[in-house]
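Asks: I'll drop the sequence and a predicted model, then ask my questions.
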Amino acid sequence: METVVDASTSEEANGSAVEKKPTVVFVLGGPGSGKGTQCAYIVEHFGFSHFSAGDLLRAEMNSGSENGLMIRSMINEGKIVPSQVTVNLLQQAMEESGNDKFLIDGFPRNEENRAAFEADTGIEPAFVLFFDCPKEEMERRILNRNQGREDDNIETARKRFKVFLESSLPVVEYYESIGKLQKIDAARAIEEVFESVKTVFASINEKED
Ligand SMILES: Nc1ncnc2c1ncn2[C@@H]1O[C@H](COP(=O)(O)OP(=O)(O)OP(=O)(O)O)[C@@H](O)[C@H]1O
Ligand SMILES: O=c1ccn([C@@H]2O[C@H](COP(=O)(O)O)[C@@H](O)[C@H]2O)c(=O)[nH]1
Ligand SMILES: [Mg+2]
């Protein structure tokens with residue numbers, strides 16, 4: 001199994017060099033909960049590279065690749081693209097970034113995604129941010145987004161909410177069960193949400209110092 005790693009190494013007590021794994025934070029939350037919006041602020045303040053799995057899939061869909069049609073059909077139905085496609089795109093983006101701190105937004109979407117990422121990269125997240133937001137608010141945000149996304153319509157949004165409840169929430173619950181979940185009330189103004197996010201990242205930085 002290939003491990004995605006930063007080129008840097010650290011010395012073990014016996015003097016042998018060991019690969020230093022990148023820091024990964026998964027950013028989860030329902031459709032329209034504000035993941036992308038908050039990730040942009042985190043990048044500015046804390047030096048992470050941000051990869052939205054949905055954005056990577058949309059870019060792949062528009063690139064004319066052999067997976068393009070399959071990805072478009074899955075996105076328009078609100079379904080989860082096979083893990084290997086998404087994990088490969090994430091691995092490639094991480095490798096090309098030259099960074100060793102990553103925000104992975106909107107992934108893992110289900111248990112299979114979670115297991116595939118861990119198996120292929122050997123990386124477990126340092127922690128998981130979860131943006132908790134009522135469905136009515138997420139629906140309002142999606143329908144007002146106006147970024148030309150084909151899946152921002154009421155019919156697909158409802159399918160995405162259903163998939164979120166059935167497949168993605170169990171992943172959130174898993175991370176809660178192992179003590180890695182940082183839950184944020186996302187039903188507030190953008191700046192207020194970011195105040196809570198900042199507290200989480202600041203306390204993690206303190207622990208590392
Ligand atoms: N706290 C907030 N209050 C009001 N509007 C917000 C807030 N956060 C984000 N928005 C707006 O809601 C819309 C959805 O936000 P964003 O794209 O960040 O969500 P997302 O979780 O990445 O959604 P998706 O899962 O569909 O990619 C955007 O138009 C954004 O400007
Ligand atoms: O890991 C992933 C992430 C996304 N998808 C598909 O893309 C759309 C849109 O995702 P956003 O995070 O809202 O940008 C999502 O509904 C899925 O169809 C995916 O399959 N796997
Ligand atoms: Mg997004």
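Replies: Yes, it's here. Ligands and ions are numbered 1, 2, ... in the order given.

Asks: so how many other residues sit close to the residue nearest to residue 159 when sequence neighbours are not counted?
Replies: Spatial nearest neighbour of residue 159, chain neighbours left out: residue 78 (3.4 Å); criterion: Cβ to Cβ, 6 or more residues apart in numbering. C-betas here are computed from N, CA, C, even on glycine. Neighbourhood size, residue 78 [other Cβ atoms under 10 Å]: 18.

Asks: residues in the protein within reach of ligand 2, list them.
Replies: Within reach of ligand 2 by Cβ under 6 Å from any ligand atom, the chain has these residues: 31, 52-54, 57, 74-75, 78-81, 86, 106-107, 109, 113, 151, 160.

Asks: Next step: the residues you listed restricted to helices.
Replies: 53-54, 57, 74-75, 86, 113, 160 (DSSP state H).

Asks: which of the residues you listed are close to ligand 1?
Replies: residue 54.

Asks: what pLDDT does residue 83 get?
Replies: What the model reports as pLDDT for residue 83 is 98.

Asks: before we move on, what about the one 3 residues further on?
Replies: Residue 86 carries a pLDDT value of 98.

Asks: ok, now which ones touch the closest residue to it other than its chain neighbours?
Replies: Excluding its sequence neighbours, the residue lying closest to residue 86 (Cβ to Cβ, 6+ apart) is residue 53, at 5.3 Å. Contacts for residue 53 (Cβ atoms under 8 Å, 6 or more residues apart in numbering) come out as 86, 89-90, 104-107, 109.

Asks: What distance do you get for the closest residue in space to residue 124 that isn't next to it in sequence to residue 137?
Replies: Once flanking residues are discounted, residue 124 sits nearest to residue 118: 6.1 Å by Cβ to Cβ, 6+ apart. Distance, residue 118 to residue 137, by Cβ to Cβ, to the nearest Å: 32 Å.

Asks: do the same with residue 181
Replies: Taken as Cβ to Cβ, the span from residue 181 to residue 137 is 20 Å.

Asks: shaky segments in the chain?
Replies: 1-16, 207-209 (pLDDT under 70).

Asks: same for the helix or strand harbouring residue 139, what does it pack against?
Replies: Taking DSSP states H and E as the criterion, residue 139 maps to helix 135-143. The contact analysis (3 or more Cβ pairs under 8 Å, 6 or more residues apart in numbering; DSSP states H and E) places helix 135-143 against helix 154-163.

Asks: Give the buried residues for the helix it packs on.
Replies: Buried residues in helix 154-163, counted by 16 or more other Cβ atoms under 10 Å: 156-157, 160-161, 163.

Asks: try stretch 141-155
Replies: So for stretch 141-155, counting by 16+ other Cβ under 10 Å, buried means 141-142, 151-152.

Asks: same question, stretch 37-52
Replies: 38-39, 42, 46, 48-52.

Asks: residues in contact with the residue lying closest to residue 181 once chain neighbours are set aside?
Replies: The shortest distance from residue 181 to any non-neighbouring residue, by Cβ to Cβ, 6+ apart, is to residue 175 (4.5 Å). With contact taken as Cβ under 8 Å, 6+ apart, residue 175 is in contact with 26, 125, 128, 130, 181.

Asks: Can you report how many residues lie near the first one?
Replies: If I follow you right, that is residue 26. As a burial measure, residue 26 scores 27 neighbours (other Cβ under 10 Å).
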